[in-house]
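*Asks:* Pasted the sequence and its predicted model underneath.
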Amino acid sequence: MAKINGNEIRPGNVLEHNGGLWVAVKAEHVKPGKGGAFAQVELRNLRNGSKLNERFRSADKVERVRLEQRDMQFLYENDGMLIFMDAQTYDQVELPSDILGERRPFLQDGMTIQVEFHEQEALNATLPQKVTCRVDETEPVVKGQTAANSFKPATLDNGIKIMVPPFVGPDEDIVVNTETMEYSERA
């Protein structure tokens, strides 16, 4: 593991801090008028999901942890746990369903996602950036609206509501960006 300075912490970095593994959610660099500069970092515990706000001065050293990433296939959900399988070794791993948060509805049967491991312990899962979904219902096109700047609400087959361009109709497949939860393109 590599030690980094407190001012080198970026969002997405995984740190070993206070005896636990934490991911940096937000990192803001502050230069007060008096005193030295520091990084105000919001951390989330990878094991139990608790949050912590911490200040790191540039002289502070923290352990940056590198997680092993493996592509795994989603099999099913059972009692609030998501079951994934490694395609090479057929090993199965369980992760809590709330690890994906509001992006959980985008997880589809058989989908390949990235699971992050630390010393053979599964800690985190990341969905693909773009997922294909079907539009269940949307409002009809209003004549005279230009496609350049107008969007209309639509409900997807997974229950998520997003804004789509006027030319998208019901029963069409579209590509949704899972990071921003916005329409990306037609499928």
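*Replies:* It's in. Residues are numbered from 1 along each chain as shown.

*Asks:* helix/strand/coil for Tyr42?
*Replies:* That one is not Tyr; residue 42 is Glu. Using DSSP: H, G, I helix; E, B strand; the rest coil, the structure places Glu42 in strand.

*Asks:* show me what contacts it?
*Replies:* Applying CB atoms under 8 Å, 6 or more residues apart in numbering, we find Glu42 in contact with 24-27, 51-53. All C-beta atoms are positioned from the backbone trio N, CA, C, and that covers glycine.

*Asks:* one more time with 6 Å, if that's ok
*Replies:* Glu42 makes contact with 25-26, 53, according to CB atoms under 6 Å, 6 or more residues apart in numbering.

*Asks:* Over to Lys161?
*Replies:* The contact partners of Lys161, by CB under 6 Å, 6+ apart, come to Thr155.

*Asks:* Spatially central, which residue of this protein would that be?
*Replies:* In the chain, the centroid-proximal residue (CA atoms, centre = their mean) is Thr126; its distance is 5.5 Å.

*Asks:* Just to check, Ser97 is in contact with Phe84?
*Replies:* No - taking CB atoms under 6 Å as the definition, Ser97 is not a contact partner of Phe84, at 11.6 Å.

*Asks:* that older thread, for the residue nearest to the centre of the chain, which non-adjacent residue is spatially closest?
*Replies:* Excluding its sequence neighbours, the residue lying closest to Thr126 (CB to CB, 6 or more residues apart in numbering) is Gln114, at 4.5 Å.

*Asks:* quick revisit: my read: the residue nearest to the centre of the chain touches Thr112, true?
*Replies:* No - counting by CB under 6 Å, Thr126 stays clear of Thr112, with 11.1 Å between them.

*Asks:* What's the first helix or strand after the helix or strand containing the residue nearest to Thr126?
*Replies:* According to DSSP states H and E, Gln114 maps onto strand 112-118. Next in sequence after strand 112-118, counting helices and strands by DSSP H and E, comes strand 121-126.

*Asks:* Could you list the domains of the chain?
*Replies:* The chain breaks down into these domains under automatic domain parsing: 2-64, 68-126, 130-186.

*Asks:* okay if I get those domains as JSON lines plus mean pLDDT?
*Replies:* Below are the domains of the chain laid out as JSON lines (pLDDT from 0 to 100):
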{"stretch": "domain 2-64", "mean pLDDT": "87"}
{"stretch": "domain 68-126", "mean pLDDT": "88"}
{"stretch": "domain 130-186", "mean pLDDT": "86"}
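
*Asks:* Asp60: what's its closest spatial neighbour, skipping adjacent residues?
*Replies:* Gly6 (3.8 Å).
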